[in-house]
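Trainee: can you look at this prediction? I've put the sequence above it.
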Number of protein chains: 2
Amino acid sequence: MGQDETQQSDTATRILDVAERLVEVRGFNGFSYADVSSELNITNAALHYHFANKSDLGVALIIRYTSRFDDALSTVDARSTDAPERLKAYADLYLDVLRGKRMCLCGMMAAELETLPEPMQAAVLEFFTRNQAWLSRVLKEGHAKGTISFSASPNKTARTIIGTLEGAMLLARLFGDVAGFRSATTHLLAGLRPEPSEFNSGKLRVSQS
Amino acid sequence: MGQDETQQSDTATRILDVAERLVEVRGFNGFSYADVSSELNITNAALHYHFANKSDLGVALIIRYTSRFDDALSTVDARSTDAPERLKAYADLYLDVLRGKRMCLCGMMAAELETLPEPMQAAVLEFFTRNQAWLSRVLKEGHAKGTISFSASPNKTARTIIGTLEGAMLLARLFGDVAGFRSATTHLLAGLRPEPSEFNSGKLRVSQS
DNA sequence: GTCTATACAGCGATAGAC
DNA sequence: GTCTATCGCTGTATAGAC
């Protein structure tokens, strides 16, 4: 999100911004160089100066997106050490993306995977692998503290979480219903609650807000 | 067009078979008439005879897919009256699709939704609406019998189930790991087990809608 | 870094013979 | 119902001037 460190030219950044939105709405195969260049009032050729071919552009999009996600996860880590809270914050990251009929950039590309150039496929896989690793770590920590409970392995459970959120985005966009996404998130997190027997036996108080 | 009421010509059927596989692997925007015709050793023009334009072909694909799903749901209904068993059977339907790097036809099209002709969009929505209605009915019946428990509305919970399965397919294909799909299914169904009482951990807000 | 101009392949779709 | 032939358009990509 910073604009200074590893930063490319202003034009390159604006190209990525426009292209990212187009991918998140229409998919990587659903937009053209002309779509981007016309919106920025530059020419097709100028676009090719910054990103020689569409595969390069695609890889750049994924890398930037992954980097932003990494930053966001670091922020989540810094904000709380509580596993359930971290998972909730993780889910909320997806909620931020789900605006204006957008899908997750990498979720979209995961659907189109078989049509993508190999470098893009590898980058997409890397994105989800990192997400899985972060979630897996949080799940393990939560399990150790007894604030989280799950029956499959941390890695598989992490994958289930990612899949649930990606699927929820897909349907929320389809039905034009963001509330449905929140509902799915709630259900997901509820399924990770620690078992009453492990946590607190007998009758339980309900701490509803 | 038809040889009898429900059956189209052999060629039309084979076109649909090939096109369906192509969509499930590459997406609707990821295949061309040439891909289909070359595989069937017929010409582009012959394909246009059976399906005048690509939108017609797309709608035909969705309708046939929806019809097959409806039949499968009827079979599930006939096989058991137990809600958890029906849900398990529902999840297994998706498992059947998840072979050879395939996605659910309509899940794929849901991702590409914004690029699809309007008649196809409507047909995709219809598919998911029917699925939601069936699941919602099963959930209600399960709730009435006390074999199923959920906190959101039946419709929202149904949508969550669909989203979870679609997302699980997406990731299972990405990671080349069908076992991950089974794991997600198990987690999903476990989250619907009847519970002795409503319960909140105190860290997680489980809000009702 | 951006332009004009263009190459060239692929796409969906149509006309008309058989 | 299937063919050959072809059209018009859009796509990615490049060459070379400024």
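Mentor: Received it, and whenever you're ready, just let me know what you need.
Trainee: residue contacts, the residue of chain A found nearest chain B?
Mentor: Proximity of chain A to chain B (CB to the nearest CB) peaks at A:Gly167, 2.5 Å away. To be clear about C-beta, it is placed using only N, CA and C from the backbone, and glycine gets the same treatment. Neighbour list for A:Gly167: A:184, B:162-168, B:170 [criterion: CB atoms under 8 Å, 6 or more residues apart in numbering or on different chains].
Trainee: now distance to A:Ser9, pLDDT and secondary structure too, for those residues, in TSV please.
Mentor: Putting the contacts of A:Gly167 into TSV (distance: CB to CB, whole Å; pLDDT from 0 to 100; DSSP: H, G, I helix; E, B strand; the rest coil) gives the following:
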residue	distance to A:Ser9	pLDDT	secondary structure
A:Ala184	40	96	helix
B:Ile162	43	98	helix
B:Gly163	39	98	helix
B:Thr164	42	98	helix
B:Leu165	43	98	helix
B:Glu166	39	98	helix
B:Gly167	36	98	helix
B:Ala168	40	98	helix
B:Leu170	34	98	helix
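Trainee: the lengthiest helix in chain A near chain B at all?
Mentor: Secondary structure assigned by DSSP state H gives helix A:118-145 as the longest helix of chain A. Yes: interface with chain B: helix A:118-145 contributes A:124-125, A:128 (CB under 8 Å from any CB of the partner chain).
Trainee: tell me if that helix is near DNA strand D.
Mentor: No: contact of helix A:118-145 with DNA strand D (CB under 7 Å from any atom of the strand) is absent, the minimum separation being 11.8 Å.
Trainee: kindly report the residues of chain A close to DNA strand C.
Mentor: A:9, A:11, A:41-46, A:49-50.
Trainee: where is pLDDT lowest across those residues?
Mentor: Lowest in pLDDT among those is A:Ser9, which has 72.
Trainee: wait, doesn't that one sit right on A:His50?
Mentor: Yes: assessed by CB atoms under 8 Å, A:Ser9 is found in contact with A:His50 at 7.2 Å.
Trainee: comparing those two, which shows the higher neighbour count?
Mentor: With neighbours defined as other CB atoms under 10 Å in any protein chain shown, A:Ser9 and A:His50 compare such that A:His50 has more, 18 against 10.
Trainee: out of the contacts of A:Gly167, which comes closest to DNA strand D?
Mentor: B:Leu170 (23.2 Å; CB to the nearest atom of the strand).
Trainee: is it true that that closest one touches A:Gly107?
Mentor: Yes: between B:Leu170 and A:Gly107 a contact is recorded at 6.9 Å, counting by CB under 8 Å.
Trainee: could you dump the residues of helix A:118-145 next to chain B into JSON lines and include pLDDT and neighbour count?
Mentor: Formatted as JSON lines, those follow (pLDDT from 0 to 100; neighbours: other CB atoms under 10 Å in any protein chain shown):
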{"residue": "A:Val124", "pLDDT": "99", "neighbour count": "26"}
{"residue": "A:Leu125", "pLDDT": "98", "neighbour count": "17"}
{"residue": "A:Phe128", "pLDDT": "98", "neighbour count": "22"}
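Trainee: can you list the low-confidence ranges for chain A?
Mentor: Applying pLDDT under 70 to chain A flags the ranges A:1-8, A:196-209.
Trainee: how about 80 then?
Mentor: Applying pLDDT under 80 to chain A picks out residues A:1-9, A:99-100, A:195-209.
Trainee: DNA strand D contacts on that one?
Mentor: With the criterion set to CB under 7 Å from any atom of the strand, chain A comes near DNA strand D through A:31-35, A:44-45, A:48, A:52-55.
Trainee: nearest to B:Asp77, of those?
Mentor: Distances from B:Asp77 to the residues of chain A next to DNA strand D, taken as CB to CB, are shortest for A:Phe31 (42.5 Å).
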